[in-house]
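Undergrad: based on what follows, work out the 3D shape:
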Amino acid sequence: MKMIYVYTLLLLLSLPACGQQDQPITDSEGTTLASANVEAAQNDASKKSKQQYEVNKTEAEWKKQLTPAQYYVLRKKGTERAFSGKYNDHKEKGVYTCAACGNEVFTSDTKFDSGTGWPSFYKPISSKNVREVADRSMGMVRTEVVCGRCGGHLGHVFDDGPKPTGLRYCLNSVALGFKKGE
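TA: Just a heads-up that it's a prediction; the model follows:
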């Protein structure tokens, strides 16, 4: 539980202070997204582009396809504010997909309420559908979760989840789509 509080505190500290002139980035529903370490994200993005993914697009193509909020999170490794995403309290049965390419990444059967403010899952559909990458931004080492098909940033994985895996895949709603089950 300490890791949840530390991560939340670090996220809050990364938000712009009141009165700053920077314009916040918002999603299509007007939800303000938290700041990210842009320089580290750009460096990581150049490394990521050297990896092979099934779906490869230029940054201009991604900007055209994605909303500003989706682009910020999926391509620049941003983070939406806790408790603001549409899938945090989402209870429908179905499959969660990558918002950039439609890759099926998690099922509702593995979703749980972590109390962190982000949709959380204990297991991806397949280890091929997501990749785990070392993330050294924000002065710590974490494990980033990216889409296995397009390399889009989905969130991070932590080792404080429930059984049977003990993992908590903490994801951004704006990086996800949803296909309702039958």
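Undergrad: avg pLDDT for stretch 84-93?
TA: For stretch 84-93, mean pLDDT rounds to 96.
Undergrad: how much space between residue 98 and residue 132?
TA: According to Cβ to Cβ, to the nearest Å, residue 98 stands 15 Å off from residue 132. Every residue, glycine included, has its C-beta placed from N, CA and C.
Undergrad: more neighbours: which of these two?
TA: Set side by side, residue 98 and residue 132 give different neighbour counts by other Cβ atoms under 10 Å, the larger being at residue 98 (25 against 15).
Undergrad: was I right about that one contacting residue 155?
TA: No - using Cβ atoms under 8 Å, residue 98 makes no contact with residue 155, being 11.4 Å away.
Undergrad: which ones are touching residue 87?
TA: Residues in contact with residue 87 (Cβ atoms under 8 Å, 6 or more residues apart in numbering) are 96, 119, 171, 173, 176, 178.
Undergrad: let me fix that: residue 96
TA: Contacts for residue 96 (Cβ under 8 Å, 6+ apart) come out as 87, 104-108, 111, 119, 121, 171, 176-178.
Undergrad: for these, could you give me JSON lines that also reports distance to residue 128 and secondary structure?
TA: Formatted as JSON lines, the contacts of residue 96 follow (distance: Cβ to Cβ, whole Å; DSSP: H, G, I helix; E, B strand; the rest coil):
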{"residue": "87", "distance to residue 128": "22", "secondary structure": "coil"}
{"residue": "104", "distance to residue 128": "11", "secondary structure": "strand"}
{"residue": "105", "distance to residue 128": "10", "secondary structure": "strand"}
{"residue": "106", "distance to residue 128": "13", "secondary structure": "strand"}
{"residue": "107", "distance to residue 128": "15", "secondary structure": "strand"}
{"residue": "108", "distance to residue 128": "20", "secondary structure": "helix"}
{"residue": "111", "distance to residue 128": "20", "secondary structure": "strand"}
{"residue": "119", "distance to residue 128": "21", "secondary structure": "coil"}
{"residue": "121", "distance to residue 128": "16", "secondary structure": "strand"}
{"residue": "171", "distance to residue 128": "17", "secondary structure": "strand"}
{"residue": "176", "distance to residue 128": "18", "secondary structure": "strand"}
{"residue": "177", "distance to residue 128": "18", "secondary structure": "strand"}
{"residue": "178", "distance to residue 128": "20", "secondary structure": "strand"}
